[in-house]
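Undergrad: here is my input; please provide its structure:
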Amino acid sequence: MTNTYQETFDAGTGGWYAWDSNYAGDKPLEIVDGSAVSRSPWWIDYNHAPPGAGYMHLLFMLDTLGRPTERKIEIAGHNNFVRQGHSTNFVDAELTFRLKGELVLHDAQLVLYARAFTTACVRGGC
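TA: Numbering: from 1, shown residues only. Now for the predicted structure:
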């Protein structure tokens, strides 16, 4: 059975949000002509510095589980992924993103970063 989630941003951010910094935290996603926008200068997340995944900036985020707080709803709107009851099991999932604009990578990479918590991790305080 195919279960497809698609976000067009036609009716708002759909639960997606952006990140400002560790100090300021999450912020509303900028939408222009149906596209999420990210522009420099970007904040560098040092929490993942080597020997971890490396320095990164979290462009866009979507929580895939749980009931959003009032603050999250104010920042990100209602989460269509959660409201539509999509699975959080991404084994063999196919992800497609449409990108437009210009990106000069130099030695950087554009990657998908997915983070999960297991019951043991949540109970153990990971």
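Undergrad: who's in contact with Leu29?
TA: Taking C-beta atoms under 8 Å, 6 or more residues apart in numbering as the definition of contact, the neighbours of Leu29 are Thr13, Trp16, Tyr17, Ala18, Ala36, Phe60, Ala76. The C-beta positions use only the backbone N, C-alpha and C, and glycine is treated the same way.
Undergrad: for PyMOL, write the select line for the buried members of these.
TA: For the buried members of the contacts of Leu29, the matching PyMOL selection, counting by 16 or more other C-beta atoms under 10 Å, is:
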select buried, resi 13+16+17+18+36+76
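Undergrad: tell me which two of the contacts of Leu29 sit farthest apart.
TA: In those, the most distant members under the criterion C-beta to C-beta are Ala36 and Ala76, with 11.4 Å between them.
Undergrad: which neighbours do the two share?
TA: Here Ala36 and Ala76 have Thr13, Trp16, Leu29 as joint contacts, going by C-beta under 8 Å, 6+ apart.
Undergrad: can I get those in TSV with secondary structure, pLDDT and distance to Gly66?
TA: TSV is the format used below for those (DSSP: H, G, I helix; E, B strand; the rest coil; pLDDT from 0 to 100; distance: C-beta to C-beta, whole Å):
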residue	secondary structure	pLDDT	distance to Gly66
Thr13	coil	94	17
Trp16	strand	96	15
Leu29	coil	94	19
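Undergrad: between those residues, which is closest to Phe97?
TA: Distances from Phe97 to those, taken by C-beta to C-beta, are shortest for Trp16, at 12.1 Å.
Undergrad: that closest one is in contact with Asp63, isn't it?
TA: No - contact between Trp16 and Asp63 fails when scored by C-beta atoms under 8 Å: they sit 9.3 Å apart.
Undergrad: could I get the phi/psi values of the residue sitting nearest the centre point of the chain?
TA: The geometric centre of the chain, computed from its C-alpha atoms, lies nearest to Met61 (C-alpha atoms, centre = their mean), at 1.4 Å. Per-residue torsions, Met61: phi -140, psi 150 (degrees, to the nearest 10).
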